[in-house]
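Visitor: Structure for this input, please:
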Amino acid sequence: MEVVLTPPAGLVVVTGAGGFIGRAVCAQLPLRGWPVQGWVRGLDRHTAARADFLPVGDLTSMSGRALDDALRNAAAVVHLAARVHA
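Guide: The predicted structure is shown next:
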């Protein structure tokens, strides 16, 4: 079975964009016509030089209002953020 998706009218926000899967998703979405903004805890060597990555810190500490404001232009969210290392 083949799944074909039509790019949304707005931005796709990818949380956990600095991780292995997140970086791959952020690289592939624009190739398929999806505008993307990758959210990361902090900038590093993989994300610092990229305008499409936004450092947001720890998502659990964001207020509801801050999250609403940050997602105002988003048409979709791909939530990949996770705490995988203690």
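
Visitor: How about L54: which residues does it bridge to?
Guide: W39 (DSSP bridges).

Visitor: go on, V77?
Guide: V13.

Visitor: Go ahead and confirm it touches L71.
Guide: Yes: with contact defined as C-beta atoms under 8 Å, V77 counts as touching L71 (6.9 Å). For the C-beta atoms, the positions are set from N, CA and C on the backbone; glycine is no exception.

Visitor: so what sits against both of these two?
Guide: Applying C-beta atoms under 8 Å, 6 or more residues apart in numbering, one finds that V77 and L71 are jointly contacted by V13.

Visitor: can you give me how far the helix or strand where R65 lies is from the chain middle?
Guide: R65 is part of helix 64-70 when elements are defined by DSSP states H and E. Per C-alpha atoms, centre = their mean, to the nearest Å, the displacement of helix 64-70 from the mean C-alpha position of its chain is 15 Å.

Visitor: which residues are in contact with it?
Guide: Here helix 64-70 makes contact (C-beta under 8 Å, 6+ apart) with 13, 54, 56, 59, 62.

Visitor: now swap in stretch 21-37 and tell me
Guide: For stretch 21-37, the surrounding residues in contact (C-beta under 8 Å, 6+ apart) are 5, 7-8, 10-17, 38, 40, 46, 52-54, 74, 78, 80-81.

Visitor: try it again with 6 Å
Guide: By C-beta atoms under 6 Å, 6 or more residues apart in numbering, the residues outside stretch 21-37 that reach it are 7, 11-14, 16-17, 38, 52, 54, 80.
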